[in-house]
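Enquirer: output the structure for:
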Amino acid sequence: MDRQPIPPGKHDQRVTKLSNRAHQCTSQAVVVNNNIALLAYSIAKRAYIIIKQEVVSDNFELSNFSVPNTLRIVLLGKTGSGKSSLANTIIGKEDFKVQCSTKIEATCCQTATRYFEKRRLTLTDTPGFFHPRWSEQQLKDEVVRCVSENTPGPHVFLIVLKVEKFTAQESQIIKKIEEYFSPDVFNYSVVVFTYGDQLEQMKIEEFVSKNNHLKDVLKKCGGRCHVVDNRHWKSNQQDEYRSNQFQVKQLINTIQLMVTQRPGDCYTMNMLKEWQRQQAVANIFECLKKFTRKKFVRIFFSVTVIVGVIVVWKRMTERTTAII
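Expert: Numbering: from 1, shown residues only. Below is the predicted model of the structure:
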């Protein structure tokens, strides 16, 4: 049987349907290809992130066994001890204001940076203890704030003392440092004496050996101490010891040795928060202790205890009678 010829209209419709179908298949193929490409890109991106994290982790672990590129240093001491001048001596320029404003303002916390033998030193100068314009609480809050800005924490505290008689005020400074930051702070501390010209022909170790209080302070700090003279030891002296350049280099070497001996370690903010929590608990117990010292409170507690004993005794007697 002969095929019937396809009318022209139906032929065009079939061609159109086939064309549309081909177009849909092409579009679907493009979508699939795009999805495959996106999937491949996502996998590659994820692999890159994982590899990068592993590399960073490896680098971090390696850095824990070497001296970090940045050493964070915080200076602590009383007003007039030469802290700011010492900071300028270490930094090698007059970045720190030697005289803070008499107004109570946050500018008394000063920070500057220098590079020493391809290593970055970040120094933070704190307000001096016994500052005439600061209350005890204001001083504590500001000193703690200065330290908190050195995240994740300072590598070393420089406790600045003058080469002079160690008085009750210097003892109070050491106690306040411990009160602010816990006894562990001395594991991260170096004592730096200023006004070294007062030593005359002595070395700082000989000066310290003549004072039992100073020996105790240095013992807490692992025997680490250095001396400078911000005014008289700037130029080359007859002997190398009485040179700020020599003493600063020795100080940096001491800090680097401390960091090397405790890889990746510093006085962290978590340590500070834990110490503040312990202090808060201790303060609560101290308040309760003072409260219970009052006569009427002692009487109240005594009566409460006696009543409690009587009640317990009666209940035990009733139970015994019921059993019998």
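
Enquirer: and the helices in the stretch 51-200 of the chain?
Expert: 83-91, 136-148, 168-181 (DSSP state H, counting those that start in this stretch).

Enquirer: OK, contacts around the residue lying closest to Tyr115 once chain neighbours are set aside?
Expert: Leaving aside its chain neighbours, Tyr115 sits nearest to Leu121 (7.2 Å; criterion: C-beta to C-beta, 6 or more residues apart in numbering). C-beta here means a position set from N, CA and C on the backbone, and glycine is covered the same way. Taking C-beta atoms under 8 Å, 6 or more residues apart in numbering, we find Leu121 in contact with Thr70, Leu71, Ile73, Ile90, Ile91, Thr113, Arg114, Tyr115, Ile252.

Enquirer: report the buried members of the residues you listed.
Expert: By neighbour count, with 16 or more other C-beta atoms under 10 Å, the contacts of Leu121 hold Leu71, Ile73, Ile90, Ile91, Ile252 as buried.

Enquirer: the last one - that's part of a strand, no?
Expert: Right, the one you point to is Ile252. No. Ile252 sits outside any strand when classified using DSSP: H, G, I helix; E, B strand; the rest coil, being helix.

Enquirer: nearest to Leu158, out of the contacts of Leu121: which one, please.
Expert: The nearest member of the contacts of Leu121 to Leu158, counting by C-beta to C-beta, is Ile73 at 6.2 Å.

Enquirer: who are the contact partners of the closest one?
Expert: So Ile73 contacts Ile90, Leu121, Thr122, Leu123, Thr124, Pro154, His155, Val156, Phe157, Leu158, Ile255 (C-beta under 8 Å, 6+ apart).

Enquirer: now swap in Phe96 and tell me
Expert: By C-beta under 8 Å, 6+ apart, Phe96 lies in contact with Ser84, Ser85, Ala87, Asn88, Gln110, Ala112, Leu123, Asp125.

Enquirer: now these in CSV, with pLDDT?
Expert: Shown next, in CSV, are these (pLDDT from 0 to 100):
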residue, pLDDT
Ser84, 90
Ser85, 91
Ala87, 92
Asn88, 91
Gln110, 89
Ala112, 90
Leu123, 94
Asp125, 92
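
Enquirer: pull stretch 257-273 out as PDB, backbone CA atoms only.
Expert: The C-alpha coordinates for stretch 257-273 follow below in PDB (Å, rounded to 0.1, in the frame of the first residue of the first chain):
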ATOM      1  CA  LEU A 257      65.100  32.600  75.900                       C
ATOM      2  CA  MET A 258      62.000  32.700  78.100                       C
ATOM      3  CA  VAL A 259      59.700  32.200  75.100                       C
ATOM      4  CA  THR A 260      61.900  29.500  73.600                       C
ATOM      5  CA  GLN A 261      61.800  27.600  76.900                       C
ATOM      6  CA  ARG A 262      58.000  27.800  76.900                       C
ATOM      7  CA  PRO A 263      57.000  27.300  73.200                       C
ATOM      8  CA  GLY A 264      53.800  29.100  72.300                       C
ATOM      9  CA  ASP A 265      53.300  30.200  75.900                       C
ATOM     10  CA  CYS A 266      52.300  33.600  77.200                       C
ATOM     11  CA  TYR A 267      50.200  35.200  79.900                       C
ATOM     12  CA  THR A 268      46.800  34.600  78.300                       C
ATOM     13  CA  MET A 269      43.500  36.400  78.900                       C
ATOM     14  CA  ASN A 270      42.000  33.100  80.000                       C
ATOM     15  CA  MET A 271      44.500  33.100  82.900                       C
ATOM     16  CA  LEU A 272      43.500  36.600  83.800                       C
ATOM     17  CA  LYS A 273      39.800  35.700  83.700                       C
END
